[in-house]
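Participant: have a look at this prediction, sequence included:
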Amino acid sequence: MPAQGIQFDPARLQDFELTVEVGDTFSEDGLTRVRLNGGGRLAVEQQREQERGGEFHTEVDRDSMERLLRLAAQFDWQRRFPSRPGLPDEAVVQWSLRDRQGGTATVKVWLRDAEKDHVMAPVLNVLRQGVDRATGGKYYL
């Protein structure tokens with residue numbers, strides 16, 4: 001299902017930004033936030049309750065970036081947060097897709113559900129590789 005109110009247009013790639021946040025600032029591992037903008041910049045930061053880690057960056061080639069944003073636009077943005085309880089230590093994943101010309105769509109899911117989702121999983125896997133590359137293995141998603 002396309003992002004509610006957002007129509008992905010590869011000709012306007014620079015207008016889109018995908019953000020994923022995994023965890024929370026109060027957990028031992030903290031919150032990891034990854035932003036991929038349409039210009040190809042992947043930014044990674046981590047936050048804990050009273051501490052903010054550094055921000056790391058890497059570049060994503062245009063074809064990969066377009067593929068990730070195209071897939072993200074197909075997420076079920078209207079899906080409700082699952083009523084099932086999380087597994088022990090299971091993180092919440094919050095996805096946001098922003099179009100500078102037309103709003104933002106946001107959805108939250110359990111990490112395990114994102115890893116099993118046929119549209120979210122490939123995006124999550126590529127972003128995990130980007131986080132590893134950007135941070136030299138220091139952070140993970």
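Facilitator: That came through fine.

Participant: just the strands in this protein please.
Facilitator: Per DSSP state E, the chain carries strands over the ranges 16-23, 31-37, 41-48, 51-59, 92-99, 103-110.

Participant: run through the bridge partners of the one residue sitting closest to the centre of the chain.
Facilitator: In the chain, the C-alpha nearest the mean C-alpha coordinate belongs to Val20, at 2.4 Å (CA atoms, centre = their mean). Beta-bridge partners recorded for Val20 (DSSP bridges): Val34, Trp95.

Participant: pLDDT score for it?
Facilitator: With respect to pLDDT, Val20 has a value of 97.

Participant: spit out the contact partners of it.
Facilitator: Going by CB atoms under 8 Å, 6 or more residues apart in numbering, Val20 touches Arg33, Val34, Val93, Gln94, Trp95, Ser96, Leu124, Leu127, Leu141. Where C-beta positions appear, they are placed from N, C-alpha and C, glycine not excepted.

Participant: cool, thanks, signing off.
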